[in-house]
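K.L.:
Generate a structure from the sequence data that follows.
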Amino acid sequence: MKYTSAAEAAGLIRSHDSVYIQGSTSIPETLVAAMAARGPELTGVKLYSGFAVGRADAPYCRPEYKDAFWVNSLFVANNIRRWLAEGYGQTIPAFLGEIPGLFRDGTLPVDVALLNVSPPNEEGYCSYGVSADLAVSAVECAKTVIAQVNPHMPFSYGDALIHVSRIAAAVEADEPLVEVPTATPTETETRIGSYIAELIPNGATLQIGVGGIPNAVLAALKGHKHLGLHTEAMTDGVLPLLESGVIDNSQKKVLPGTTVASLALGSRRLYDYMDYRKDLLMKDVAWTNDPFRIRENPRVMAINSAVEVDLTGQVCADSVGERIISGVGGQHDFMYGGALSEGGKTFIAIPSATPKGESKIRARLSPGAGVVTTRHMVQHIVTEYGVAHLRGKNLAQRARALIAIAHPSVREELERAACERFGYSFVHLRG
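P.N.:
Here you go, the predicted model:
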């Protein structure tokens, strides 16, 4: 590998290039800072980024660089959210599992890929560590690969490997990965988690998201047996179940005996657990999130969250009104794959109200809110007041079930809205 300075490596980026920046908790900060420093001399560099957790606002998101760097987000990450809200960048709507195809068929051409990788093993392979997701396809398609070689990056197996001969320029970087504190579930989240855990059978394969509710679900599964993990994002919450043998992946049909994920985010403890672990594979997100591969596993349990849900079961998960705050991610992929799985179940788990006391179950979605999961695909909505089973129910029945788990302060208002919308077919359900 040719080691060089960050400034020299960033010099390989030219005006009008399309540049992919690796995500998760492994943004290559040293390389990104060097690229941003070239802002005064660059024009029209198109930047692609996916799900990521940055330490601070991205250094290329500065008004004086608005013509140097054109930000096209594939998932609105925290480090660029404000920049996009101000109108200086845009997001590209796409299912996360479909984005690699956009790279591979040239819809989104990639000239340069910026990576944060582990030191090479004795065979000369570096690992992408915590972020295989979009990096695998971006590197496959990139003309030039620039990598910061970082001793803090765990060496993970699967698709997340690159031979040193493929790296045009390497930069030594002693850069700890961003750590995401484990969310301690609140009383409300614990109650939601217990409702979901009661519906998960032994031998199930889990897809589970990030945050307090997923951690509450995982904590409530300690008495289960022979669970599997085939997920998009892996967090600290799964470690107790892996270490205790509750998750042993023994009943999966896709890579049995193996934990499968596409990205990871958590503490140093998680990253150390991943390092050189052959029973953990990090895979291309087009592979992990393929609904028809997901369905091959029996009893898939897909557990996701939302910003708000309407009385018909439409789920908004990526925006607050018109303001995009995240992305579709893999919710749709796993909701579909889980629904197709033999014995599978899918859940949207939400507190009944926001911290400001606004109901998350609404008569209608907020103006401008986007539908991530359609009403046709939703099976269970769960709040601290219980589980609304929506599968096979008509719209009036759905409304009745959702009102029953809404916050008590809004149930009367929702009743009136449902009566107006669904008429007698709703009213007669009171009996």
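
K.L.:
CA atoms for contacts and neighbours, from now on please.
P.N.:
OK.

K.L.:
any low-confidence regions in this protein?
P.N.:
Within the chain, the ranges that satisfy pLDDT under 70 run 431.

K.L.:
Report the contact partners of the most centrally placed residue in it.
P.N.:
By C-alpha atoms, centre = their mean, the chain has its centre lying nearest to G329, at 4.9 Å. Listed by C-alpha atoms under 8 Å, 6 or more residues apart in numbering, the contact set of G329 reads 51, 75, 94-97.

K.L.:
at 6 Å instead, please
P.N.:
For G329, the contact set (C-alpha atoms under 6 Å, 6 or more residues apart in numbering) comprises 95-96.

K.L.:
how near is it to S305?
P.N.:
11 Å (C-alpha to C-alpha, to the nearest Å).

K.L.:
same check, this time on L206
P.N.:
Distance of L206 to S305, computed by C-alpha to C-alpha: 15 Å.

K.L.:
Then V136?
P.N.:
Note on V136: its distance to S305, by C-alpha to C-alpha, is 27 Å.

K.L.:
Check E29 too.
P.N.:
On the measure of C-alpha to C-alpha, E29 and S305 end up 29 Å apart.

K.L.:
number of nearby residues for S165?
P.N.:
11 (other C-alpha atoms under 10 Å).

K.L.:
should've said G211
P.N.:
G211: 18 neighbours (other C-alpha under 10 Å).

K.L.:
repeat for G87
P.N.:
Neighbourhood size, G87 [other C-alpha under 10 Å]: 8.

K.L.:
Which helix or strand contains it?
P.N.:
Under DSSP states H and E, no helix or strand contains G87.

K.L.:
Next one: the closest residue in space to E179 that isn't next to it in sequence from G370, what distance?
P.N.:
Distances taken as C-alpha to C-alpha, 6 or more residues apart in numbering place S267 nearest to E179, at 4.8 Å, with adjacent residues excluded. Using C-alpha to C-alpha, S267 is found at 32 Å from G370.

K.L.:
between the two, which one's more packed in?
P.N.:
Neighbour count, other C-alpha under 10 Å: between S267 and G370, G370 has more, with 20 against 17.

K.L.:
so the more buried one touches A317, yeah?
P.N.:
No. G370 is beyond contact range of A317, at 7.6 Å (criterion: C-alpha atoms under 6 Å).

K.L.:
what ranges do the helices span in the stretch 251-400 of the chain?
P.N.:
Taking DSSP state H, counting those that start in this stretch as the criterion, the stretch 251-400 of the chain carries its helices at 268-274, 285-288, 291-294, 331-340, 395-405.

K.L.:
Quick check: which of the ones you listed is nearest to S262?
P.N.:
helix 285-288 (5.5 Å; C-alpha to C-alpha).

K.L.:
Okay, buried residues for that closest one please.
P.N.:
For helix 285-288, burial by neighbour count (16 or more other C-alpha atoms under 10 Å) applies to 285-288.

K.L.:
just the residues you listed now: which is nearest L239?
P.N.:
Set against L239, the nearest of those by C-alpha to C-alpha is T288 (19.7 Å).

K.L.:
Would you map out the domains in this protein?
P.N.:
Taking automatic domain parsing as the reference, the chain has its domains at 6-172, 187-430.

K.L.:
In a markdown table: those, plus distance to V178.
P.N.:
Output for the domains of the chain, formatted as a markdown table (distance: least, C-alpha to C-alpha, whole Å):
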| stretch | distance to V178 |
| --- | --- |
| domain 6-172 | 5 |
| domain 187-430 | 8 |
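
K.L.:
for those domains, which one sits closest to V180?
P.N.:
With C-alpha to C-alpha as the measure, domain 187-430 is the member of those nearest V180 (4.5 Å).

K.L.:
for R375, what are its contacts?
P.N.:
R375 makes contact with 313-314, according to C-alpha under 6 Å, 6+ apart.

K.L.:
Check the spacing between it and L12 real quick.
P.N.:
47 Å.

K.L.:
First-to-last residue distance for stretch 19-33?
P.N.:
Start-to-end span of stretch 19-33 (C-alpha to C-alpha) is 14 Å.

K.L.:
Excluding its own residues, what touches it? List them.
P.N.:
Contacts of stretch 19-33 (C-alpha under 6 Å, 6+ apart): 6, 47-53, 110-116, 131, 135, 177-178, 265.

K.L.:
now those: which count as buried?
P.N.:
Neighbour-count burial within the contacts of stretch 19-33 applies to 6, 47-53, 110-116, 131, 135, 177-178, 265; the criterion is 16+ other C-alpha under 10 Å.

K.L.:
Identify those among those residues that sit within helices.
P.N.:
Using DSSP state H, the members of the buried ones among the contacts of stretch 19-33 that fall in helices are 6, 135.

K.L.:
Tell me which of the buried ones among the contacts of stretch 19-33 fall in strands.
P.N.:
The members of the buried ones among the contacts of stretch 19-33 that map onto strands under DSSP state E are 47-49, 112-116.

K.L.:
which strands and helices sit next to the helix or strand harbouring N72?
P.N.:
Per DSSP H and E: N72 is located in strand 69-73. Packed against strand 69-73 by the contact rule (3 or more C-alpha pairs under 6 Å, 6 or more residues apart in numbering; DSSP states H and E) you find strand 45-49, strand 90-91.
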